[in-house]
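Q: structure of the sequence below:
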Amino acid sequence: LAHLARLAGDFPTAMDTARTLGWAGRHHRVMGDVWWVQGDMERAAAAYAAARREAEDHGIAGERATCQAQRGFVLAFTNPDLADDELELAQHLLAGLDLRATGLTVQIATLLRDAGTSTDLEDRASILRTEISVAGLTSTAATLELAMAFHHAVRGTREDLLATISRLRELTRGSNGDYAYYLDIAHFMAGLPLDTPSPARWLDSQDSTRQRWRALVTDRHDHLRTRQ
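A: Below you'll find the model as predicted:
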């Protein structure tokens, strides 16, 4: 129920259900999955850390690696330096495990870490698109395009951003409307108007969610400008 609600963008239901799941239902990871799409990376990172600790306590290596990868992913939006260490840990925990989707999450997170800076990001993304297509992971493909939307929003490259949004629209349309709110988020990041919003029910309001996502972009832009 929590998973289906999250796919449909019914985040209050997904969160309420997550709180009832306990360890067996991976409650902390589910909550992290809900928090990050609200643009609240601090809460998401804390939830994934709690999920990783529980996985360690129960000796479940795959879950531990997955939660660590997700933690690195959300921190890549906010703190590239910290994310670098977290992603290195994720790669260490993945060693010897057959977790294709989680490995791809780590690779997408490295794009987010470098968003706004790397000149070869589009080439790296193109290689990843091929890998994801071969694996048949539609949700991962949508996450990749969302990461690229963040990159183009930071750089202010409007044409590239609109092309990414177009790919994202096709991906979400082809998945029966699952993750349709990714289109909303792409518009929020770029500060673009949203004429036809998804049916998403955000945890607070659409305006608050828009402000958080836009702030992630402006914070990265300011961070890069300071480093120059």
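
Q: hey, let's count contacts and neighbours off CA atoms from now on
A: Noted.

Q: can you list the weak-confidence ranges in this structure?
A: 174-176, 228 (pLDDT under 70).

Q: now do the helices in the chain.
A: For the chain, applying DSSP state H gives helices covering 2-8, 11-18, 27-37, 41-58, 61-78, 80-94, 100-113, 121-135, 138-155, 158-173, 181-190, 206-227.

Q: can you redo these as a markdown table with mean neighbour count?
A: Compiled in a markdown table, those are given as follows (neighbours: other CA atoms under 10 Å):
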| stretch | mean neighbour count |
| --- | --- |
| helix 2-8 | 19 |
| helix 11-18 | 20 |
| helix 27-37 | 24 |
| helix 41-58 | 20 |
| helix 61-78 | 25 |
| helix 80-94 | 18 |
| helix 100-113 | 22 |
| helix 121-135 | 14 |
| helix 138-155 | 24 |
| helix 158-173 | 17 |
| helix 181-190 | 24 |
| helix 206-227 | 16 |
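
Q: got JSON lines for those helices, with distance to S198 too?
A: Converted to JSON lines, these look like this (distance: least, CA to CA, whole Å):
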{"stretch": "helix 2-8", "distance to S198": "9"}
{"stretch": "helix 11-18", "distance to S198": "13"}
{"stretch": "helix 27-37", "distance to S198": "13"}
{"stretch": "helix 41-58", "distance to S198": "21"}
{"stretch": "helix 61-78", "distance to S198": "22"}
{"stretch": "helix 80-94", "distance to S198": "30"}
{"stretch": "helix 100-113", "distance to S198": "24"}
{"stretch": "helix 121-135", "distance to S198": "24"}
{"stretch": "helix 138-155", "distance to S198": "15"}
{"stretch": "helix 158-173", "distance to S198": "11"}
{"stretch": "helix 181-190", "distance to S198": "5"}
{"stretch": "helix 206-227", "distance to S198": "11"}
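
Q: now for L162: which residues touch it?
A: Not one residue lies near L162 by CA atoms under 8 Å, 6 or more residues apart in numbering.

Q: what's the answer for R26, then?
A: Counting by CA under 8 Å, 6+ apart, R26 has contacts A51.

Q: for it, give its distance to T218.
A: 33 Å (CA to CA, to the nearest Å).

Q: can you check D84 too?
A: From D84 across to T218, the span is 20 Å (CA to CA).

Q: out of the helices of the chain, which comes closest to T196?
A: Proximity to T196, assessed across the helices of the chain by CA to CA, is greatest for helix 181-190 (8.7 Å).

Q: and the closest one, what other elements does it pack with?
A: On a contact count with 3 or more CA pairs under 8 Å, 6 or more residues apart in numbering; DSSP states H and E, helix 181-190 meets helix 138-155, helix 158-173, helix 206-227.

Q: could you dump those to TSV with distance to R6?
A: Compiled in TSV, the helices and strands packed on helix 181-190 are given as follows (distance: least, CA to CA, whole Å):
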stretch	distance to R6
helix 138-155	12
helix 158-173	14
helix 206-227	16
